[in-house]
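In: Got a predicted structure here, sequence first:
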Amino acid sequence: AHARAAVPARTAADVGCRRLADRRRLLSDREELHRRLDSCSKECWGAGPCAGRCMARAGMSEPCAACFGEVTGCTKGKCLKACALDPDGEPCRGCSREECGAAYYECVGLPEALVP
């Protein structure tokens, strides 16, 4: 019989924004994180992995920053027409909420009202 390689156990803190430091930042710096996400999204032309790395540079854990990258990539993929002319406009933001919001809020692990 072959020995199976040990697989490290994943904890809840390894997924999304479950770490205490991420939670504190999400709840205390919502406006700043929202501005940073907008900046990262534009800087990366909507590319999810790039936006995730940009958010990690802003101090979010990599699993949490990945949530921001995923919503950025989803928005680009599903809302390009609504966002092309005005990424800050309500048609773009509404499309992003409608098409990508549920997965984003689940990834982050907080209700919509508390997420940047």
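Out: Yes, it's here. Numbering: from 1, shown residues only.

In: all strands of this structure, in order?
Out: Remark: strands of the chain are absent; assignment by DSSP state E.

In: what stretches of it score poorly on pLDDT?
Out: Under the criterion pLDDT under 70, the flagged ranges of the chain are 1-14.

In: change it to 80
Out: Applying pLDDT under 80 to the chain flags residues 1-15, 116.

In: got the residue ranges for the helices in this structure?
Out: Ranges of helices in the chain, per DSSP state H, are 20-28, 30-43, 48-57, 62-83, 90-108.

In: so which of those comes closest to L114?
Out: Nearest to L114, of all the helices of the chain, is helix 20-28, at 6.4 Å by Cβ to Cβ. C-beta: built from backbone N, CA, C; applies to glycine.

In: any idea how far Y105 is from the one residue sitting closest to the centre of the chain?
Out: Closest to where the C-alpha atoms of the chain average out (Cα atoms, centre = their mean) is F68, at 1.3 Å. Distance of F68 to Y105, given as Cβ to Cβ, to the nearest Å: 12 Å.

In: Including distance to P116, could the helices of the chain go into a markdown table?
Out: What follows is the helices of the chain, written out as a markdown table (distance: least, Cβ to Cβ, whole Å):
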| stretch | distance to P116 |
| --- | --- |
| helix 20-28 | 7 |
| helix 30-43 | 4 |
| helix 48-57 | 10 |
| helix 62-83 | 8 |
| helix 90-108 | 9 |
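
In: No more questions from me, cheers.
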